[in-house]
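J.: Build me a model:
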Amino acid sequence: MSVLAVSKISLQYLVLFVLMYAPNFKLTGDSASLAILAISMALCINQWPRLMHYVNWNQLRFAFMLFFAYLSVQLIALFGRGDLTAFSTVKAYIFFFVPCSMFLLGSICADHKEPFSRICLMLTRMGTFQAVCIILDFFFPLMRSLFSMIVVQHPALEYSLVRAGGLSSSTGDTLSFIQAFLGIIAINLYLENRIGGRFFSIAYFLNVISMLFVGRTGLMLLFIGSLILPLLKLGLLRSIRFWSAGLMLSALLFVGIFLMLPGELRSFMQEKLLPYALEIFYSAFNEGSLESGSTNDMLENMIVFPVEQWAWLFGYGIFLDPVIDAYNYMGTDIGYLRIIFYCGLVGSIVLYGGFLSSFLRAYFQNRHSSGPLLLVLGLMFFVANIKVAVFFFGPFVSLFFLMLSSSKMEQGVLQKSTISAQQWRRLLSSKKIG
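T.: A predicted model of the protein is given here:
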């Protein structure tokens, strides 16, 4: 492989990493976004003629639906006292996340006939790399200092004794959700025999371990996806064998590594880390109920609704608290309620409808290939919105733009290749007849 090819692949991974984890680099600050956008454009600029030959750009409706949804939400919010949260979101999506994703897809599609599979493989490798960074961040203070010198980590992770952020500036919940999505993508690659069992076992195990140090909510999301995807791909009996083998291997790896740890670290994990990270499972085993402190707090203190009837329809136009800095409006973290407060039920329907229609259309168009994975990721997306307003977080939108668009691109490439092959066979048969 030439130096130019290696450089191109490295830049593709860099762009994808920034899109997924949105790190705020300390040395470059806001200028990093412009640099990444320029890099993504440079990767694709010489590939447009070939790319246009393969791709029907009318299939990329997701971007335009996204723009329409967020701009509609902003117009609805303006009826209230509104802040500019949605406007900032639209601006970031239009001028950074979606263009970078599109240019990256153009670069990958020009070099690979299966861009969806290539994107999934890149995401799996990148998620494994981030998992290693999170584990190093937690166990080695020197690595935590190094990572904090490279990126601005969220304070809840940087100064916590039981959590770590790796090379990311996200909160614990959002980072754990991203890792959960990438873990499900790794399962899909393994079920389709696109990665070996050894690499899958290592990648998935590291991903699960990293989420112990990031956010326990992501573990539940990964657990849900790990149950549903094999059912859709394999059926019940083969799924049971898959789950059993995975559970047994994970248990052996975890116990083996746990016993190899030094005594003090083992005691710390046993007494503090594991009860915190696996609180919901500890609660189920000891008390017979699936609950955690954060879940109870959400149910008891964060379920609040608008008072006026018009606010139910159009919201108050407020996403962040106007008095307390960096505090959610009405003190709720629940994504569905935050969006109702911001743009009401009308804006919520517009926003969710655009995403839901994209997921369902992609599933029915690719039911026997990428459809099951897209359906599970879409379900996880809406489940994650209970905890965090993921519809206003750029990496999640980048992830689904990449997944939905690359699946459409791959379908278009295969269709054109099939048509070309059929035409070639007809040409040969006509020559034989002549």
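
J.: Find the residue at the geometric middle of the chain.
T.: Closest to where the C-alpha atoms of the chain average out (CA atoms, centre = their mean) is Ile178, at 4.0 Å.

J.: Next one: it relative to Val383, how far apart?
T.: Going from Ile178 to Val383 by CB to CB, to the nearest Å gives 14 Å. Where C-beta positions appear, they are placed from N, C-alpha and C, glycine not excepted.

J.: Met302 too?
T.: For Met302 relative to Val383 (CB to CB), the value is 16 Å.

J.: just Ile202 next, same as before
T.: Distance of Ile202 to Val383, given as CB to CB: 27 Å.

J.: quick one: contacts for Asp333?
T.: Neighbouring residues of Asp333 by CB atoms under 8 Å, 6 or more residues apart in numbering: Met298, Met302, Lys387, Val388.

J.: Regarding the last one, what are the backbone dihedral angles?
T.: Just to be clear, that refers to Val388. Backbone torsions for Val388, taken as degrees, to the nearest 10, come to phi -140, psi 150.

J.: Just give the closest residue to it, not the sequence neighbours.
T.: Asp173 (5.0 Å; CB to CB, 6 or more residues apart in numbering).

J.: Surely that neighbour is in contact with Leu219?
T.: No. Asp173 lies out of contact with Leu219 (CB atoms under 8 Å); the separation is 11.4 Å.

J.: Check the contact lists of the two and give me the overlap.
T.: By CB under 8 Å, 6+ apart, no residue touches both Asp173 and Leu219.

J.: circling back: need the max-distance pair from the contacts of Asp333.
T.: By the measure CB to CB, Met302 and Val388 form the most distant pair in the contacts of Asp333, at 11.9 Å.

J.: So between those two, which is more surrounded?
T.: Counted by other CB atoms under 10 Å, Met302 and Val388 do not tie: Val388 has more neighbours, with 22 against 16.

J.: C-alpha coordinates for stretch 334-351, CSV please?
T.: Extracted in CSV, the C-alpha atoms of stretch 334-351 (Å, rounded to 0.1, in the frame of the first residue of the first chain):
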residue,chain,number,x,y,z
ILE,A,334,-35.6,13.6,29.6
GLY,A,335,-35.2,14.2,25.9
TYR,A,336,-38.9,14.0,24.9
LEU,A,337,-39.9,16.5,27.6
ARG,A,338,-37.1,18.9,26.7
ILE,A,339,-38.2,19.0,23.1
ILE,A,340,-41.9,19.4,24.1
PHE,A,341,-40.9,22.4,26.3
TYR,A,342,-38.9,23.7,23.4
CYS,A,343,-41.3,23.3,20.4
GLY,A,344,-44.3,21.5,21.7
LEU,A,345,-46.0,18.4,20.2
VAL,A,346,-46.2,20.0,16.8
GLY,A,347,-42.5,20.4,16.6
SER,A,348,-41.9,17.0,18.1
ILE,A,349,-44.0,15.3,15.5
VAL,A,350,-42.1,17.1,12.7
LEU,A,351,-38.8,16.2,14.2
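
J.: Averaged pLDDT, that stretch. What do you get?
T.: Per-region confidence: stretch 334-351 scores 84 on mean pLDDT.

J.: just how off-centre is that stretch within its chain?
T.: 21 Å (CA atoms, centre = their mean, to the nearest Å).

J.: And stretch 165-185, by the same measure?
T.: 7 Å.

J.: And stretch 315-334, by the same measure?
T.: For stretch 315-334 - counting by CA atoms, centre = their mean - the centre lies 24 Å from the chain centre.

J.: Could you give me the buried positions within it?
T.: For stretch 315-334, a neighbour-count test (16 or more other CB atoms under 10 Å) marks Gly315, Tyr316, Gly317, Ile318, Phe319, Leu320, Asn328, Tyr329, Met330, Thr332, Asp333, Ile334 as buried.

J.: in the protein, which helix or strand is least confident?
T.: Taking mean pLDDT, DSSP states H and E as the measure, the helix or strand of the chain with the lowest value is helix 48-54, at a mean of 53.

J.: what's the burial count for Thr174?
T.: 26.

J.: and it, what helix or strand is that in?
T.: Using DSSP states H and E, Thr174 sits in helix 172-191.

J.: how near is the residue nearest to the centre of the chain to Leu253?
T.: For Ile178, the distance to Leu253 equals 23 Å [CB to CB].

J.: ok, which stretches of the stretch 1-150 of the chain are helices?
T.: 3-21, 31-44, 48-54, 61-77, 85-92, 98-111, 115-139, 141-150 (DSSP state H, counting those that start in this stretch).

J.: weakest of those by average pLDDT?
T.: helix 48-54 (a mean of 53).

J.: How much space separates the nearest residue to Arg118 once chain neighbours are set aside from Lys8?
T.: Of all residues not flanking Arg118 in the chain, His112 sits nearest, at 4.5 Å (CB to CB, 6+ apart). Noted for His112: a distance of 12 Å to Lys8, by CB to CB.

J.: what's the answer for Val350, then?
T.: From Val350 to Lys8 the distance is 39 Å (CB to CB).

J.: now do Leu19
T.: If you go by CB to CB, the gap between Leu19 and Lys8 works out to 17 Å.

J.: What of Asp173?
T.: 34 Å.

J.: cool, and Ser148?
T.: Applying CB to CB to Ser148 and Lys8 gives a distance of 30 Å.

J.: before we move on, what about Leu142?
T.: Distance from Leu142 to Lys8, by CB to CB: 32 Å.

J.: How about Gly183?
T.: 27 Å.

J.: Show me which of these two is the more surrounded one.
T.: Gly183 (28 against 15).

J.: contacting residues around the more buried one?
T.: By CB under 8 Å, 6+ apart, the neighbours of Gly183 are Gly127, Tyr204, Asn207, Val208, Leu222, Gly225, Ser226.

J.: Kindly tell me how buried the spatially closest residue to it that is not a sequence neighbour is, as a neighbour count.
T.: In this structure, Gly183 finds its nearest non-sequential neighbour in Asn207, 4.4 Å apart by CB to CB, 6+ apart. Asn207 has 24 neighbours, counted by other CB under 10 Å.
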